[in-house]
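Novice: structure for the following, please:
(chains A, B, C and D)
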4 protein chains.
Amino acid sequence: MLPAGAKGVFPIAPTPFLADGRIDAASVDRMIDHYLAAGADGCTILGIMGEAPKLDLNEAIGFVAACVKRAPNLPFIVGVSAPGFAAMRALAHAAMARGAAAVMIAPPPSLRTDDQIVTYYAQAADAIGHDVPFVIQDYPLTLSVVMTPDVIRRIVTDNPSCAMLKHEDWPGLEKISALRRFEKEGKLRRVPILTGNGGLFLDFEMERGADGAMTGYAFPEMLIDVVRLTREGRRDEAHDLFDAHLPLVRYEQQQGVGLAVRKYVMMRRGIIATDAQRKPAISLSATAKAEVDYLLQRLARRDPRAARLILAAE
Amino acid sequence: MLPAGAKGVFPIAPTPFLADGRIDAASVDRMIDHYLAAGADGCTILGIMGEAPKLDLNEAIGFVAACVKRAPNLPFIVGVSAPGFAAMRALAHAAMARGAAAVMIAPPPSLRTDDQIVTYYAQAADAIGHDVPFVIQDYPLTLSVVMTPDVIRRIVTDNPSCAMLKHEDWPGLEKISALRRFEKEGKLRRVPILTGNGGLFLDFEMERGADGAMTGYAFPEMLIDVVRLTREGRRDEAHDLFDAHLPLVRYEQQQGVGLAVRKYVMMRRGIIATDAQRKPAISLSATAKAEVDYLLQRLARRDPRAARLILAAE
Amino acid sequence: MLPAGAKGVFPIAPTPFLADGRIDAASVDRMIDHYLAAGADGCTILGIMGEAPKLDLNEAIGFVAACVKRAPNLPFIVGVSAPGFAAMRALAHAAMARGAAAVMIAPPPSLRTDDQIVTYYAQAADAIGHDVPFVIQDYPLTLSVVMTPDVIRRIVTDNPSCAMLKHEDWPGLEKISALRRFEKEGKLRRVPILTGNGGLFLDFEMERGADGAMTGYAFPEMLIDVVRLTREGRRDEAHDLFDAHLPLVRYEQQQGVGLAVRKYVMMRRGIIATDAQRKPAISLSATAKAEVDYLLQRLARRDPRAARLILAAE
Amino acid sequence: MLPAGAKGVFPIAPTPFLADGRIDAASVDRMIDHYLAAGADGCTILGIMGEAPKLDLNEAIGFVAACVKRAPNLPFIVGVSAPGFAAMRALAHAAMARGAAAVMIAPPPSLRTDDQIVTYYAQAADAIGHDVPFVIQDYPLTLSVVMTPDVIRRIVTDNPSCAMLKHEDWPGLEKISALRRFEKEGKLRRVPILTGNGGLFLDFEMERGADGAMTGYAFPEMLIDVVRLTREGRRDEAHDLFDAHLPLVRYEQQQGVGLAVRKYVMMRRGIIATDAQRKPAISLSATAKAEVDYLLQRLARRDPRAARLILAAE
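Specialist: Model (predicted):
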């Protein structure tokens, strides 16, 4: 189960495929090993960037089982968002039975009013069962559902099984401040806030009170170090490291093509064997690959550790 | 397999539930018997109004099997729309293996450009296999995807397995005329066009060249008769019958609550045992039920056959 | 100024144009005369169906002045929705200075959360001045902004200058009931509720507690009679009359092409000289005109008064 | 008139206000002087970030006149997007009469299909007159209208008065490549492509073939230098400079609050007197201001010229 005070970095793991489209079991193991070695505090699988809708239920369950088996002590959060509660329940139960720590639920794009959003999460919690901890995914850019701080407060308050907020509103700095203010004022029980958006605002999100990051940037080492440095009060160092990665973080943060960038870098780093995606997928043009290569060269000059990490693979 | 010249009325069947949420097998049989007796030319199941996302995969497959078993000679079209191709493929194959005649695919709401829509259907056809006939569902009001007549022409032309258009654009009369014009000009092979939107424009849709209706109005007898009368050139009679039902057709055509109206009337008609829906659901207030009852009384005065059909259940 | 207990029928007036695109002053007068003679309780101009964005500010002001001049005792509500408050304020002030009774404000489509909507109306009320009565336009189908009953309650309560609700949610019957319940419970001061959506649900909207209709159906006489008959408790007569018109009401309720239908019927009735619209506009095909003609013939058989009204023009 | 081979940097100018909401004429002059001194090739006013909807028509015209008067030889592009063609035409004519070089038109959010977009621009060109050069604004993130490269090709080809593309698709690198490929293949006449999105991808956009930038980042000097360095083939230097600014560029690129950041920095730089916005506006919290201050300090350490520019104001 997800520890109450969960914090730190939960990488959003991609799903590694072989060129023929099958799940690449060896890369799954290597990727999980990599997250462990880097010092990840948990891991989120089958999220939006995990190509979850391209896996059928049995594949999804098998993937959860393989991840948990590789790292039995790492808390895994499993994305179970679905257009209906039947599929959500089926995957949630199967995932928890195989050792997942929690599930993550994004709201369907049709929700509009505050009450609709609050009601949806109450129904979802009913559907998966109140013993299954769930993470709210607040991602208006992609989902077009806008949750005010007060809506989040209501969901957290109404549902004891709500265990975490994945915050990827954009702009969202004031939202973190507002939620932390609610806590101080006793209006909101404390839930961990991990931030997404590819890490594009992680530097300031940590300063605003986030507990860590839940995102899939291809160098989780940077996320982990920025989180640590900020906690240690080493602000300038945190920003220096963050800024060194920002050109690539920014490049990865292109909707649609972002996953291709991420998988390409992870392949170049030797973490996964191929950058194959299942269809439908956007792949990188030769020019785009050359741009990423150039960014990696530049990164290597600015972050010695990244340089070693890239070199290690070559 | 769906016959090449399919036409007439394919009721959109709701999924009958017991009060405790289980599928009501007896009502399934009775409902299918009812469609057969009324003279339906086919039947569409697990559509948007079939609460498909509330069924897990095994339930969905079981429902398909039960329907086909009850009416082995009736062509069943099975809704397989899904956020990813894995789930779509799984249900499509299972449905066809159990005797379905075709599948129906709605575009995901994120599609915007002409090319995105055309590409999506090409990928979907690849995913389910080119031996599986599919129906395009063109329903911008709910799905927010707008297909021009030319986009439909491209999908039909590019995909030999495209077997039918379910047309529920609104307003959509000119679209039917445009598609029929394409056919006359040799730009488009003939595919059947069945219309939806609860039948709200069926009178004129038939006159514009539609081949029939695919919608779930609680009196499929009316849909069948209007289609027949129009084909026989009995225009005034077709409109007289249609107009008698229009107040109820209109009342049923309320997004969200429409299914509750439909199930309530089917229950009152004795076709299904309860009007239970799985969650999330909008149910009818007492006032709304009284309004439907009043509309049924008025209908009974204007359509003698409907009067008998209502009475038969009481 | 809008009377506190405003009720009845406020037709949404189209803006009559000549074939060359100029405003048709003679038709403006004839149309206003027609509304007066029919017994309208007020009139709404420059609404969504008034082609307001196609008029520049001076034309809009001139149109307001011409309408008020023709019927100085009729309360005119003027649509002032705009992407910014500068244009809204300019038109609101000019309209009130020329004798308008109130203005109507629709929310911009970008609003999502409850608070955003409430804040928007507070800012709009500030912008136009608190001495200018305003009408909330609640029209999610077109505007994609969803207001809960509670959001409406907050807007009405926060803004003393909020003078009316134009309700055209769909489905919206339960919303009327909820608002009237709020009033009974003392949670909401009474504001008139007039309903739109082309009148498609007017029969039951009146029974749910609406105070009348604000819509532009080409036979305002029917709207006026249905409102009156319902108030007098003559339910069956109200529905009989409503049902006679429903086929045409429904035909007019086609987004985009609806205005063309409405202007065509008003032209056939002799109320306006032409059915010209300014660009961009969707015009009626010959087939569509023939369909409307057929509906008018059928209407004439069912509603003797409508028959006379149509004949009168020929 | 806009020169045929326009290129370089056209800053998107904010509209400077005094604390009481009036336009700040002295700041307007100082801002335009600043753009000239920095080496801007043109200037775009009354864009989305120019708070255009908060100005009434006379104010907008006065602002255009003041800008042109201050820099008669600088080509000014004036945003004229409006919900209707009447307002668009009025502002376009007034702006051109006062010396504007061209106008910029964004598509209304309701457009969906390829043909709708193409038709809209044809109608807009008709409305403003074919002697008025116009710029296409392609900004799906905010406008939700997605234009394929082919749609842009059609608009450019159909409308001789189309004079430029403001590209702010995101991700949009491949779109620039596709358009340049069309040109090479003779399918598209050459129009300048200036890029937006706050400059977040300017480094690679230039390398893909963009002709410059049209965006309002608070250090136009950086935009100008990156454009120049890229043209001179000094890739690493261009990226070094760009990367130094990227943390602030990224911070400014927060929807809604971005303009507040921009005005705050321009105020700190002494370019405008206050960071006042007209309502509705999002203002910076004290924390946010401190974050921007910190980013400016860090920027000063990495870009000596920026350091001088910031110091100059203090």
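
Novice: ok, the closest residue to residue A:196 other than its chain neighbours - contacts?
Specialist: Nearest non-adjacent residue to residue A:196, counting by Cβ to Cβ, 6 or more residues apart in numbering or on different chains: residue A:168, 3.3 Å away. No exception for glycine: its C-beta is placed from N, CA and C like everyone else's. By Cβ atoms under 8 Å, 6 or more residues apart in numbering or on different chains, the contact list for residue A:168 reads A:137-139, A:141, A:195-197, A:215.

Novice: tell me how far residue A:168 lies from chain B.
Specialist: 17 Å (Cβ to the nearest Cβ, to the nearest Å).

Novice: that older thread, in PyMOL, how would I select the buried members of the contacts of residue A:168?
Specialist: Applying 16 or more other Cβ atoms under 10 Å in any protein chain shown to the contacts of residue A:168 leaves a buried subset, and the PyMOL line that selects it is:
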select buried, chain A and resi 137+138+139+195+196+197+215
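
Novice: could you dump the contacts of residue A:168 to JSON lines with pLDDT and distance to residue B:20?
Specialist: Shown next, in JSON lines, are those (pLDDT from 0 to 100; distance: Cβ to Cβ, whole Å):
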{"residue": "A:137", "pLDDT": "98", "distance to residue B:20": "31"}
{"residue": "A:138", "pLDDT": "97", "distance to residue B:20": "34"}
{"residue": "A:139", "pLDDT": "94", "distance to residue B:20": "35"}
{"residue": "A:141", "pLDDT": "88", "distance to residue B:20": "40"}
{"residue": "A:195", "pLDDT": "98", "distance to residue B:20": "42"}
{"residue": "A:196", "pLDDT": "96", "distance to residue B:20": "39"}
{"residue": "A:197", "pLDDT": "93", "distance to residue B:20": "43"}
{"residue": "A:215", "pLDDT": "97", "distance to residue B:20": "42"}
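
Novice: quick one, what contacts residue A:123?
Specialist: A:85, B:279-280.

Novice: pull the distance from the helix or strand encompassing residue A:230 to the chain's centre.
Specialist: Here residue A:230 is covered by helix A:220-231, with elements defined by DSSP states H and E. Using Cα atoms, centre = their mean, to the nearest Å, the mean C-alpha position of helix A:220-231 is found 15 Å from that of the whole chain.

Novice: which of the residues in it are buried?
Specialist: Under the neighbour-count criterion of 16+ other Cβ under 10 Å, helix A:220-231 has A:220-230 buried.

Novice: can you narrow the residues you listed to ones near chain C?
Specialist: Contacts with chain C are made by none of the buried residues of helix A:220-231, judged by Cβ under 8 Å from any Cβ of the partner chain.

Novice: return the helix or strand in chain A with minimum mean pLDDT.
Specialist: helix A:304-312 (a mean of 86; mean pLDDT, DSSP states H and E).

Novice: need the contact list for the residue lying closest to residue A:137 once chain neighbours are set aside.
Specialist: Spatial nearest neighbour of residue A:137, chain neighbours left out: residue A:106 (4.0 Å); criterion: Cβ to Cβ, 6+ apart. Counting by Cβ under 8 Å, 6+ apart, residue A:106 makes contact with A:48, A:79, A:81, A:137, A:139, A:143.

Novice: gap between the last one and residue C:212?
Specialist: Read that as residue A:143. 39 Å (Cβ to Cβ, to the nearest Å).

Novice: higher neighbour count, these two?
Specialist: Legend: neighbour count by other Cβ atoms under 10 Å in any protein chain shown for residue A:143 and residue C:212, higher for residue C:212 (27 against 18).

Novice: quick check, pLDDT for that one.
Specialist: At residue C:212, the pLDDT value in this model is 98.

Novice: ramachandran coordinates for it?
Specialist: phi 160, psi -160 (degrees, to the nearest 10).

Novice: any weak-confidence spans in the stretch 101-250 of chain A?
Specialist: Judged by pLDDT under 70, the stretch 101-250 of chain A has no weakly predicted residues.

Novice: swap the cut-off to 90 and go again
Specialist: Where the stretch 101-250 of chain A drops to pLDDT under 90, the residues are A:141-144.

Novice: between helix A:304-312 and the helix holding residue A:230, find me the angle.
Specialist: 160 degrees (axes from the mean of the first three to the mean of the last three Cα atoms, to 10 degrees).

Novice: contacts for the following helix or strand past helix A:220-231?
Specialist: Helices and strands here follow DSSP H and E; after helix A:220-231, the next one along the chain is helix A:235-252. By Cβ under 8 Å, 6+ apart, the surrounding residues in contact with helix A:235-252 are A:198-200, A:202-203, A:206-207, A:217-219, A:222, A:225-226, A:229-230, A:258, A:261-262, A:265, A:291-292, A:295-296, A:298-299, A:302-303, A:306, D:200-201, D:203-204, D:239, D:242-243, D:246-247, D:250, D:298.

Novice: next SSE after helix A:235-252?
Specialist: helix A:258-268.

Novice: list of residues touching that following helix?
Specialist: Under Cβ under 8 Å, 6+ apart, the answer for helix A:258-268 is A:14, A:31, A:49, A:51, A:198, A:216-219, A:248, A:251-252, A:254, A:272-277, A:281-284, A:288-289, A:292, A:296, A:310, A:313, D:171.

Novice: how far does the least confident helix or strand of chain A sit from its chain's centre?
Specialist: Using Cα atoms, centre = their mean, the offset of helix A:304-312 from its chain centre is 23 Å.

Novice: filter the contacts of residue A:123 down to the ones in helices?
Specialist: Residues of these located in helices (DSSP state H): residue A:85.

Novice: distance to residue C:129 and pLDDT added to the contacts of residue A:123, as a markdown table?
Specialist: Converted to a markdown table, those look like this (distance: Cβ to Cβ, whole Å; pLDDT from 0 to 100):
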| residue | distance to residue C:129 | pLDDT |
| --- | --- | --- |
| A:85 | 49 | 95 |
| B:279 | 47 | 87 |
| B:280 | 43 | 88 |
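
Novice: quick check on the contacts of residue A:123: which are buried?
Specialist: A:85, B:280.

Novice: just curious, which of the contacts of residue A:123 is nearest to chain D?
Specialist: residue B:280 (26.6 Å; Cβ to the nearest Cβ).

Novice: who are the contact partners of the closest one?
Specialist: Residue B:280 neighbours (Cβ under 8 Å, 6+ apart): A:85, A:119-120, A:123.

Novice: please redo it, this time with the cut-off set to 10 Å
Specialist: Residue B:280 is in contact with A:84-85, A:116, A:119-120, A:122-124, A:126-127, B:51, B:53-54, counting by Cβ atoms under 10 Å, 6 or more residues apart in numbering or on different chains.

Novice: what do you get for residue A:220?
Specialist: Contacts of residue A:220 (Cβ under 10 Å, 6+ apart): A:9-13, A:34-35, A:38-40, A:43, A:199, A:213, A:266, A:271.
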